[in-house]
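Q: Here is my input; please provide its structure:
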Amino acid sequence: MLQLPKSFHFSGNGGGVLHGSTCEAIVCTMAAARDQMLSRIGSDNLGKLVVYGSDQTHSTLQKATQIVGIKPENFRVIKTRKSVEFALSPEMLRLTVCSDLDKGLLPLFLCSTIGTTSTTAIDPLEALCDVAKEHGIWVHVDAAYAGSACICPEFRHFIDGVEGANSFSFNPHKWLFTAMDCCCLWVKNPSALIRSLSTNPEYLRNKASDSKQVVDYKDWQIALSRRFRALKMWLVLRSYGVANLRSFIRSHVKMAKIFEVLVRMDNRFEIVVPRNFSLVCFRISPSAIVSDDHSYNGEEYNMVNEINCKFLEAINASGSVFMTHAVVGGVYLLRCAVGATLTEEKHIVEAWKVVQVCSPSLVSSPSRRDVVVCLAARRRRLVSSPIAVACSAASPARRPSPALLTAACCPSPAHLLCSCSAADY
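A: Model prediction:
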């Protein structure tokens, strides 16, 4: 489904294993990278090994470095910028690596993320792998969330360049409708994993393992015993089929696009970072809080963040929807994620109503004249938007409901709101 290169398949001398989490996958691959490096340079150089990630990389990378024995001061967190949508810069990676080499340190491991936790940012995988190859760095691709989307051909390009990586993982329990816990890990060189993790006491020896007739997964993971994770993954694939799984993911992305359009059409709010998949990152716009007639100072910056924090608390206190937050580049933002099988278009409409009803107490309402002027513009924008055009061409069952069009064009009064009892966010 993911169309990974043959080098990750058993038929191409690679292989895959089911783990419980990305944390386990990164610990195992980092241990393999560490031992592979130390076998060449000597175990007394452990203190010189360096691990790289960005300030958007999941904290599991830091935990893995602690477990594997990398010095805390040798864990590099490379700063990202909004101008590149908080992706890890290959140029910054190269500069950091060269600086470490000048200090006599040894670059070991890079974690590149496809769909970061905070904003689903996409690291430029191919360019990062090129830098890593120059210095013999093990590259692990963490696609825990967005990897599921890459089963759709239109999203597969996000992992272009994966052939340059050493390992790749994604979590079906995040967006592929599989129950916790299930993390798929592929490696190009299983022998590196096995050398690092294998133990062979007499009481575990058997003819099948000794003769290499079977893959002994105890040597691909931390634990000795394994749950039958493959069964639930198999049931999902057999129950839905690839076509239906793709359809679900596309419908989630479509619903996220609808929510994104609703946010953009209300000038009290803003989209903080571009949407890549089914996560919409937004907040109350500073222009709705701070007067435009003077500069935006530090105190007001903090006030905007505090108001958005209270905004999120009000939304979640409604009991109708649940959203989360992140702080990226110093900006407090709200995260609306669509990703469950029961989420429907009506839930997006109702979620938007909750957003609207929770915001008036925090920001000033637009004047009647502003509303009248905006309504006509919003209707024109809705009709001419790519989403509206696409929906109008869709089958009647997939078109937006009249309630959606109403919500997009005119905020609903509080007494007309209905609760979003079945939304899954």
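Q: Please identify the buried residues of stretch 185-193?
A: Within stretch 185-193, the residues that count as buried by 16 or more other C-beta atoms under 10 Å are 185-190, 192-193. Using the backbone N, CA and C atoms, a C-beta is placed for each residue, glycine as well.
Q: Can you tell me which of the residues you listed is closest to residue 108?
A: residue 192 (12.8 Å; C-beta to C-beta).
Q: Give me the nearest residue to residue 187, chain neighbours excluded.
A: residue 167 (4.6 Å; C-beta to C-beta, 6 or more residues apart in numbering).
Q: do you know how far that neighbour is from residue 135?
A: 17 Å (C-beta to C-beta, to the nearest Å).
Q: Tell me which of the two has more neighbours.
A: Taking neighbours as other C-beta atoms under 10 Å, residue 167 and residue 135 compare with residue 167 leading, 29 against 16.
Q: For the residue nearest in space to the middle of the chain, give me the backbone phi and psi.
A: Closest to where the C-alpha atoms of the chain average out (C-alpha atoms, centre = their mean) is residue 115, at 3.3 Å. Taking degrees, to the nearest 10, you get phi 100, psi 70 for the backbone angles of residue 115.
Q: Could you number the chain from 873 rather than 1 from now on?
A: In the new numbering, first residue 873, that becomes residue 987.
Q: how about the helix or strand where residue 1134 lies: buried residues?
A: Using DSSP states H and E, residue 1134 falls within helix 1101-1136. By neighbour count on 16+ other C-beta under 10 Å, the buried set for helix 1101-1136 is 1101, 1104-1105, 1108-1109, 1112, 1117-1118, 1120-1121, 1123-1136.
Q: Off-centre distance for that helix?
A: 15 Å (C-alpha atoms, centre = their mean, to the nearest Å).
Q: Packing partners of that helix?
A: strand 887-891, helix 1044-1047, strand 1141-1143, strand 1151-1156, strand 1203-1209, helix 1217-1230, helix 1258-1265, helix 1274-1281 (3 or more C-beta pairs under 8 Å, 6 or more residues apart in numbering; DSSP states H and E).
Q: For residue 901, which of the ones you listed is the nearest?
A: That would be, of those and by C-beta to C-beta, strand 887-891, which comes in at 10.2 Å.
Q: Now do the next helix or strand after the closest one and strand 887-891, the angle between them.
A: Later in the chain than strand 887-891, the nearest helix or strand by DSSP H and E is helix 894-913. Interaxial angle of helix 894-913 relative to strand 887-891 (axes from the mean of the first three to the mean of the last three C-alpha atoms, to 10 degrees): 130 degrees.
Q: now the angle from the helix or strand following helix 894-913 to helix 894-913?
A: Toward the C-terminus, helix 894-913 is succeeded by strand 921-926 as the next helix or strand (DSSP H and E). Orientation note: strand 921-926 sits at an angle of 140 degrees relative to helix 894-913 (the same axes, to 10 degrees).
Q: returning to that earlier point: relative to residue 995, which of the helices and strands packed on helix 1101-1136 is closest?
A: strand 1151-1156 (16.0 Å).
Q: Walk me through which strands that closest one pairs with, and which way each runs.
A: strand 1141-1143 (antiparallel), strand 1203-1209 (antiparallel) (DSSP bridges).
Q: what mean pLDDT does the last one have?
A: To tie it back to what came earlier, the one meant is strand 1203-1209. pLDDT averaged over strand 1203-1209 equals 96, rounded to a whole number.
Q: give me the number of residues near residue 1006?
A: Neighbours of residue 1006 using other C-beta under 10 Å come to 12.
Q: ok so, going back, quick check: the gap between the residue nearest to residue 1059 and residue 1210.
A: 29 Å.
Q: Excluding chain neighbours, what is closest to residue 1102?
A: Nearest one to residue 1102, counting by C-beta to C-beta, 6+ apart, is residue 890 at 6.0 Å.
Q: Report the beta-bridge partners for the one you found.
A: Beta-bridge partners of residue 890, as defined by DSSP bridges: residue 1056.
Q: number of nearby residues for it?
A: Residue 890 has 21 nearby residues by other C-beta under 10 Å.
Q: Same check on the one 3 residues further on?
A: When neighbours are defined as other C-beta under 10 Å, residue 893 has 17 of them.
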